[in-house]
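K.L.:
Generate coordinates for the sequence data below:
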Amino acid sequence: MNKKKHQQGFTLMEVLISSTILMATIAMLTNQLFSFNRTASETQVRQSLEEQLRLNLKRIEQEVLPGARILEAHPDDATLVTNKNRLILQIPAFNGEGMITHVDGNARPDLLILSKETDTGVEPLARRTGKPQPECLRLTLEAYSGGTRKNISSQIIARNLMPADNNGNYIFPSSVNSSESTGIFRYFTISGIEETDPASYATNAALVRVVLWAEEETGQKTITTRKETEVRLRNFQHDMKTDL
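P.N.:
Residues are numbered from 1 along each chain as shown. The predicted model follows:
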């Protein structure tokens, strides 16, 4: 007489324990996947911001490099002054043959203005208290009528810049601290000493340090990045009447 072998199965408790372990493993892997995707997304946003700032700084450098001198204020409007968020710069005006334009023996400059201001074309960051607007950098070129450059009335060359408080300092997210939150432009003599007297910009300021902070919101946090460059004015200390 054959006896049937007793077939042992899983108990309900074993099934529950196995299911719990499986669900915990799936949850852990899912969380790691989301975390990886979030980190990859934040890295991509940061890289995009840094590339944007690099392009912005390159454009600024190209515009500033030919500069002859930094002015304390606009020649025709004393309300427009050079400061840490505005640069007023004389650059050479050229004729159709590529030569510096002269009238009655005096060189005629074009006027370049870079100014940071509120950017009304973008939405404020939702995470900011009071939601202050991001800022942009505008370029204005007032070309001498006898030269070859064309007037540029107002061209935005940088966006998503961090907003500033009433003192011109950047408003940082709580996670960002910096002692260099002092605006976009700083001015230095040819020997590298910072020039802080606007009345001496035209005679002493030979180097412009440009610092750009930018930020962008992701689904989880605000990404902040910073880039800077230094531009030495090519025509600094030339005689504006003869050399420029």
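
K.L.:
tell me what the least confident helix or strand in the chain by mean pLDDT is packed against?
P.N.:
In the chain, the helix or strand scored least confidently by mean pLDDT, DSSP states H and E is strand 102-103, which has a mean of 75. Judged by 3 or more Cβ pairs under 8 Å, 6 or more residues apart in numbering; DSSP states H and E, strand 102-103 is in contact with no other helix or strand. Bear in mind the C-beta positions are built from the backbone N, C-alpha and C, glycine included.

K.L.:
Can we start the residue count at 775 from this point?
P.N.:
From this message on, residue numbering opens at 775, which makes the last subject strand 876-877.

K.L.:
can I assume L913 is in contact with I887?
P.N.:
Yes: in this structure, L913 is within contact of I887 by Cβ atoms under 8 Å, at 7.3 Å.

K.L.:
where exactly do the helices run in this structure?
P.N.:
Counting by DSSP state H, the chain has helices at residues 786-838, 975-978.

K.L.:
among those helices, which is nearest D939?
P.N.:
The closest of those to D939 is helix 786-838. By Cβ to Cβ, the value is 21.1 Å.

K.L.:
leaving aside the residues next to it on the chain, what's closest to L1007?
P.N.:
G841 (4.1 Å; Cβ to Cβ, 6 or more residues apart in numbering).

K.L.:
The one you found against L981, yeah?
P.N.:
No: G841 is beyond contact range of L981, at 10.4 Å (criterion: Cβ under 8 Å).

K.L.:
Quickly list what's touching both of these two.
P.N.:
Listed contacts common to G841 and L981 are V1005, L1007; contacts here mean Cβ atoms under 8 Å, 6 or more residues apart in numbering.
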